[in-house]
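Visitor: any chance you can model this:
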Amino acid sequence: MWDQIDPEIIEASKAIAEAGKYDDAIFAAFRLVEAKIQKRIQSTRIGESLIAEAFDGVPPRIYISPDQRDQAGIRQIFSGAMANVRNDRGHRESPLTPCKDAGVCALYLSFATFLLHLLNQDRGIFPRIDAMNVFGSESEPRAELRGANFAGSDVRVTAGTSPVTIVRKEPGAIEVILPAKFFGDIAVDVSGRVSAPAFCDASFLANKPALIFEVVAADVPLYSDAEGHNRRTDVVGLLVQSGHSARTQTQIMPTLSHKYMAGNYVTYGSFDYNAVGETWYLDPATRKINYAWTSAAIASPVVIGPSGAFRLGGISIAPPSVETQLGENRYLTVLGSGRDGDVPRERDVTAKVKWTSLDPSIAFVNRGTLISKKLGRVRVECELEKFISTVEVSVEHMVRGHRVVFFQGLRDVQHIRFDSQDNLYLCNAGPSVFRLSKSGEFSEVFRISQNPLAAAGIDCLAIDAANNLYINDVSKQAAYKCTWDGTHFGNPTEIATSVKSAKKGIAVTSQGDAFVAVVGPVPGTGWIVRIRPSGEEKSIALNATPFFIGAGPDGNIYVPVTSAPVLLIFNSDLELIDQIPGVGQDMAHDVCIGRDGSIFLPSYHSGVVSKLSRRQGGWQHEQLAHKFPGASGIAMDSSGRLFVANSALGSIDVLY
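Guide: Here you go, the predicted model:
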């Protein structure tokens with residue numbers, strides 16, 4: 001009789017039943033069930049009132065089945081048990097349906113056992129993952145699972161189908177080590193009770209996402225002439241798009257017909273050594289014939305899978321830690337990592353997250369802007385769709401020479417420049433210019449029309465004393481001035497039109513003269529063009545290639561050139577007044593002149609920032625103690641702090 005009865009019911013009823021008091025044994029069993037429900041929901045009610053409190057409501061306090069009809073049926077089982085079995089023996093001298101033998105008693109006790117089994121399926125006592133923080137490194141990703149009902153001696157966590165190592169366990173939190181590059185479902189198992197799976201994706205822990213393209217159009221007609229009369233029969237065009245949260249790039253490449261479909265994701269390459277000569281293509285959107293390429297290898301990318309709905313798998317705050325000082329606000333970027341099918345994707349979700357500071361009196365975040373209030377340390381969290389990311393914030397006094405990450409979150413960031421109010425402008429070789437205001441707000445302030453097939457757009461800029469914006473556009477080999485009216489920038493006006501070639505670096509003097517570096521069509525050639533505020537232009541040719549240019553507080557123009565390790569200095573009339581040899585074999589990727597006349601030259605490849613200072617008898621050369629590998633831009637604010645951009649990391653460091 002007792003083999004299939006719950007041990008707790010055996011303890012409550014066995015001695016009574018063996019004494020022949022079967023109804024008392026049944027009452028004891030069902031009173032035990034009632035007590036379990038009372039304790040579960042912290043109630044003193046009994047009977048139907050107790051069942052209603054436990055099983056009604058949204059969500060119900062005892063939640064056994066996610067199916068509403070099943071949940072209603074289970075409620076009726078408990079309601080009938082309390083009304084017919086428990087109350088029949090608890091409120092009368094003798095039950096209306098008395099139990100007269102051990103066999104019938106066993107049926108009742110088995111029914112009570114079944115009720116306890118149902119209560120053990122209550123999702124309220126199952127482990128529950130409420131939030132997840134994915135962090136660590138690409139090779140050793142970790143996840144902190146926050147939730148409830150994690151307590152127990154037998155706790156396991158699985159990632160996919162494999163158990164993972166638990167490094168920290170608390171009743172409301174578990175930290176685990178995930179497999180490298182993991183994405184998939186995580187679940188917590190406590191003594192056989194398994195939580196609902198929670199999806200996560202640790203791919204964002206890589207410094208740079210894999211290059212993946214989405215097919216915009218397949219089997220695009222290609223032609224060997226600009227009029228579209230001679231269609232190519234050996235290859236077709238594959239129009240693809242790559243991109244991340246701040247920049248999208250479209251490409252067309254030759255491939256074989258009937259291999260790809262619009263909406264699929266594909267890899268970058270492979271490529272056949274056979275090249276297709278000069279080609280035009282029929283734009284599927286405009287139905288116009290556009291130029292495609294001068295020469296291109298035949299592409300055979302691998303199909304990864306179809307595009308679909310983005311599924312968030314984790315969020316991360318950039319930068320992951322902040323050192324700041326009183327009166328200095330910082331902008332925090334939140335990137336969402338996830339999957340579109342099996343394809344990793346990235347979204348900027350800063351505007352969607354909810355922020356929480358553990359001590360708002362030290363610092364808090366408002367719409368992505370970290371605002372410091374007093375000295376101290378504090379942890380700040382953001383949450384989106386049950387994913388959490390944290391940033392450690394330290395508000396302190398900075399020692400001269402201390403280096404910290406000022407901003408992170410715009411991939412491929414190139415040149416950076418300050419205006420007269422210490423607002424920082426930046427570009428990332430796309431069609432836009434962004435502004436980090438002194439108050440800590442980040443926004444797109446300018447966008448130029450651009451051919452979607454352009455490999456690069458704005459990668460150099462300048463700001464004059466009136467806050468007018470100067471930009472180049474690599475795709476059009478042009479430079480522009482955009483006038484500031486106090487609220488926004490006006491439409492661009494082309495400048496440096498006296499020389500027809502690729503425009504790169506731009507500098508503006510305090511007198512309002514703009515200077516543009518122009519790259520010659522053959523190596524070792526180039527020009528510098530001066531544009532007066534009136535629009536008058538003057539140019540000089542160089543026997544060298546100028547890519548970047550800077551204006552000093554003295555009104556002179558500083559130009560590092562590539563033909564030799566030398567920096568040329570011109571006055572505002574474009575007369576060569578000095579040249580500094582031996583500035584380094586690595587090509588400078590930008591130039592910045594400090595208030596004291598010191599010259600700073602960052603090298604993209606070596607990460608070295610060279611400092612040139614005028615001394616009696618010549619120029620003193622030195623290197624800053626810090627290295628900035630991938631340095632792509634440099635600027636100085638009104639306080640004399642040096643800012644260095646890193647295109648690979650999408651970050652800007654500040655050196656106090």
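Visitor: mind listing what residue 337 touches?
Guide: Taking C-beta atoms under 8 Å, 6 or more residues apart in numbering, we find residue 337 in contact with 201, 202, 203, 204, 312, 313, 314, 315, 316, 344, 345, 346. Where you see a C-beta, it was placed from the backbone N, CA and C, and this is true even at glycine.
Visitor: what's the answer for residue 93, then?
Guide: So residue 93 contacts nothing (C-beta under 8 Å, 6+ apart).
Visitor: any idea how far residue 23 is from it?
Guide: Applying C-beta to C-beta, to the nearest Å, the value for residue 93 to residue 23 is 11 Å.
Visitor: closest to residue 391 out of the contacts of residue 337?
Guide: residue 316 (9.5 Å; C-beta to C-beta).
Visitor: is the closest one in a helix, a strand, or coil?
Guide: State at residue 316, reduced to three classes by DSSP: H, G, I helix; E, B strand; the rest coil: strand.
Visitor: burial measure for it, as a count.
Guide: Using other C-beta atoms under 10 Å, residue 316 has 24 other residues around it.
Visitor: surely it touches residue 204?
Guide: Yes - counting by C-beta atoms under 8 Å, residue 316 does reach residue 204; the two are 5.6 Å apart.
Visitor: overlap in contacts of the two?
Guide: Counting by C-beta under 8 Å, 6+ apart, the residues touching both residue 316 and residue 204 are 134, 335, 337.
Visitor: which one of these is nearest to residue 82?
Guide: residue 134 (45.4 Å).
Visitor: mind listing what residue 29 touches?
Guide: 9, 12, 13, 108, 109, 112.
Visitor: now it: phi and psi?
Guide: With angles defined as degrees, to the nearest 10, residue 29 sits at phi -70, psi -50.
Visitor: and for residue 264?
Guide: phi -90, psi 150.
Visitor: same check, this time on the one 3 residues further on
Guide: Backbone torsions for residue 267, taken as degrees, to the nearest 10, come to phi -80, psi 170.
Visitor: please name the bridge partners of it.
Guide: For residue 267, the beta-bridge partners are residue 212 (DSSP bridges).
Visitor: so it is in contact with residue 305, correct?
Guide: No - Residue 267 lies out of contact with residue 305 (C-beta under 8 Å); the separation is 11.1 Å.
Visitor: helix or strand right after the helix or strand hosting residue 214?
Guide: Assessed by DSSP states H and E, residue 214 sits inside strand 212-220. Using DSSP H and E, the helix or strand that follows strand 212-220 towards the C-terminus is strand 222-223.
Visitor: residues making contact with stretch 276-291?
Guide: Contacts of stretch 276-291 (C-beta under 8 Å, 6+ apart): 216-217, 220-228, 232, 234-235, 237, 239, 252, 254, 292-298, 453.
Visitor: now do it, average pLDDT.
Guide: What stretch 276-291 shows for mean pLDDT is 94.
Visitor: and it, which residues are buried?
Guide: 276, 279, 280, 281, 282, 283, 289 (16 or more other C-beta atoms under 10 Å).
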